[in-house]
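# have a look at this fold, sequence not included:
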């Protein structure tokens, strides 16, 4: 095992250790295409062609997600007897399935000591995803992304066509051969609140073939540059996967210093014409959507909080605005024997009071309230 060496006398950051350990993980070092690499065709192409990484993105959020993910799966293994982190692969792609829940007939083919405590009603492949609160409402509304769906379909397809990989620790699983996956499940965990959301989908062989076709296109390309970029590029107000890609500099090379990376997508006047047309159309759609949203917001202004159909309505703000009580502040200055300006400078007095350890008296500003904002989220499922 290789230890991380710190400069003499330098304060140690725990992230130095966490990043070094993460880089030594087998998944971080594998060179064969992994199912989790299928988030973007060009990125997958860089993996297949073993192109050296050009960037070191910030991985702290991903590392925290890995820790949560590992802890949850290990707890499920010890408490429920689930099959977790099981390897699959063929000559094109490999990966580790988070959870495989065997049905009764398949479980019966295993030695008794390896059978699950409670078999599933149908053979299920499950993927556990941790998400931030920022995207949680999107998860509740729309479920897995296309890339997440493709990843799990590939896992299920590998089990149906090859079975479990023939490696130490799971040879008893490999011996049962290909198995008939009937369902895929996504278990989403919110990293900020611990909330859990489950989506289940019947396995569709056609969708699995489509995922395989996607991989075939990557494998057939003579170079990564022949493959499409599946995301909008780095540096945008809303971050994309490109901001965390270890090949982002190579993929988006060519922009002049100080301008957005997306400028490389405009090569001639035809591209400018198309971009301007798209911009105007997007602006008009956004304007129409804002107008409609304003009208709908006004319609809801008197509505009480609650669940209405698929949505939950909540209100924020509408609270009294506090302001400094100048006369009470002057009284406090005099009691504390602090100098009171002849013409009170409230800002300077507040600063002096805080430096002197005097509490600044506040009062509700007459007739003023904080803005009342609407908050619409996906309604919780009723069990």
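Here it is on my side, so go on. What you see is a predicted model; the values in this text were computed from it and never measured.

# and the longest helix for this protein?
In terms of residue count, the longest helix belonging to the chain (DSSP state H) is helix 269-299.

# which other helices and strands contact that helix?
Using 3 or more Cβ pairs under 8 Å, 6 or more residues apart in numbering; DSSP states H and E, no helix or strand is in contact with helix 269-299. For glycine as for every other residue, the C-beta is placed from the backbone atoms N, C-alpha and C.

# give the next helix or strand downstream of that helix.
Counting by DSSP states H and E, the next helix or strand C-terminal to helix 269-299 is strand 306-308.

# mind checking how far that next one is from the chain centre?
Its chain's C-alpha centre and that of strand 306-308 lie 27 Å apart, by Cα atoms, centre = their mean, to the nearest Å.

# sheet-wise, list the partners of it with their directions.
Next to strand 306-308 in the sheet, as set by DSSP bridges, lie strand 311-316 (antiparallel).

# so for the partner strand, mean pLDDT?
When pLDDT is averaged over strand 311-316, the result is 90.

# and if you look at stretch 46-53?
On average, the pLDDT along stretch 46-53 is 94.

# how long is that stretch end to end?
By Cα to Cα, to the nearest Å, the extent of stretch 46-53 from end to end equals 9 Å.

# flag every buried residue along that stretch.
For stretch 46-53, the neighbour count (16 or more other Cβ atoms under 10 Å) marks 46, 47, 48, 51 as buried.

# now swap in stretch 320-328 and tell me
Neighbour counts over stretch 320-328 (16+ other Cβ under 10 Å) mark 324, 325 as buried.

# run through who's touching that stretch.
For stretch 320-328, the surrounding residues in contact (Cβ atoms under 8 Å, 6 or more residues apart in numbering) are 344, 346, 350, 360, 361, 362, 363, 364, 365, 368, 369, 370.

# out of these, which is nearest to residue 209?
Lowest distance from residue 209 to these (Cβ to Cβ) belongs to residue 370, with 54.4 Å.

# chain neighbours aside, what residue packs nearest to that closest one?
Closest residue to residue 370 apart from its sequence neighbours, by Cβ to Cβ, 6 or more residues apart in numbering: residue 317 at 4.4 Å.

# so where's the stretch 1-150 of the chain uncertain?
Low-confidence segments of the stretch 1-150 of the chain (pLDDT under 70): 1-10, 26-31.

# in it, which spans are helices?
In the stretch 1-150 of the chain, the helices defined using DSSP state H, counting those that start in this stretch lie at 14-23, 26-29, 41-48, 60-80, 104-107, 136-142, 146-161.

# coming back round to it: quick check: mean pLDDT across the longest helix of the chain?
93.

# returning to that earlier point: tally of neighbours for the residue nearest to residue 370?
For residue 317, the tally of surrounding residues (other Cβ atoms under 10 Å) stands at 11.

# before we move on, the earlier item: in TSV, list the contacts of stretch 320-328 along with distance to residue 118, secondary structure and pLDDT.
Putting the contacts of stretch 320-328 into TSV (distance: Cβ to Cβ, whole Å; DSSP: H, G, I helix; E, B strand; the rest coil; pLDDT from 0 to 100) gives the following:
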residue	distance to residue 118	secondary structure	pLDDT
344	73	coil	65
346	67	helix	78
350	63	helix	81
360	61	coil	80
361	63	coil	81
362	58	strand	79
363	62	strand	75
364	58	strand	79
365	61	strand	73
368	59	strand	74
369	54	strand	73
370	51	coil	71
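
# thank you, goodbye.
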